[in-house]
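Chemist: got a structure for you, letters missing:
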């Protein structure tokens, strides 16, 4: 199959996939401030992560890594061809939908391991710190490992969708009898 056919078929598959099938239920963050409040609220409501071997602290570390890498550079990038074709098409589909769907237990390529024993408060503070740093960042943003070059508004949208996608797996802790 040539690259053009692969790109077309990948884009068609992404566009044709129903959002509910990708996310289970729809969670969105419409602003950076709303997302920051949701992160802070995790300190006051007991949540568990469903369908993922990562605990809540690890998910927050993963989200912080993603934001940090957008400013510092991702440790490993998919090939230039992928980023400029399939990756950018995937971002376009997610952006048009207003929601992202991706494998929720897949680490960022080349990223340091997530610490399962890290206290939730430390992970919350790291994520909030990364969000603050991104909001104030005026430098050159680095290419996303899969989506390629993104503007700051596009990156903010990608981060908000990434956060929301992970939020779909958070469930309130319930007492067991």
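Modeler: Received the coordinates, thanks. Note that the coordinates shown come from a computational prediction; the quantities given were computed from them, not determined experimentally. Numbers count the residues shown, from 1 in each chain.

Chemist: so where do the helices sit in the protein?
Modeler: Ranges of helices within the chain are 3-16, 19-23, 32-41, 56-72, 80-82, 88-97, 120-136, 152-167, based on DSSP state H.

Chemist: Now do the buried residues in the fifth one.
Modeler: Buried residues in helix 80-82, defined by neighbour count with 16 or more other C-beta atoms under 10 Å: residue 82. Bear in mind the C-beta positions are built from the backbone N, C-alpha and C, glycine included.

Chemist: swap in the third one?
Modeler: Neighbour-count burial for helix 32-41 flags 32, 35, 36, 39 (criterion: 16+ other C-beta under 10 Å).

Chemist: And for residue 150, nearest residue in space, chain neighbours not counted?
Modeler: Take residue 150 and drop its neighbours on the chain: the residue closest to it by C-beta to C-beta, 6 or more residues apart in numbering is residue 144, 5.6 Å away.

Chemist: Export the buried residues of helix 32-41 to JSON lines and append columns for distance to residue 165 and pLDDT.
Modeler: Below are those laid out as JSON lines (distance: C-beta to C-beta, whole Å; pLDDT from 0 to 100):
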{"residue": "32", "distance to residue 165": "16", "pLDDT": "96"}
{"residue": "35", "distance to residue 165": "12", "pLDDT": "97"}
{"residue": "36", "distance to residue 165": "17", "pLDDT": "97"}
{"residue": "39", "distance to residue 165": "14", "pLDDT": "97"}
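
Chemist: Determine which two of the residues you listed are furthest apart.
Modeler: Within these, two members stand farthest from each other by C-beta to C-beta: 32 and 39, at 10.6 Å.

Chemist: which residues are in contact with both of those two?
Modeler: Counting by C-beta atoms under 8 Å, 6 or more residues apart in numbering, the residues touching both residue 32 and residue 39 are residue 131.

Chemist: Among the buried residues of helix 32-41, which one sits closest to residue 137?
Modeler: Of the buried residues of helix 32-41, the one sitting nearest to residue 137 (C-beta to C-beta) turns out to be residue 32, at 12.0 Å.

Chemist: residues touching the closest one, list them.
Modeler: With contact set as C-beta under 8 Å, 6+ apart, residue 32 has these partners: 131, 135, 156, 160.
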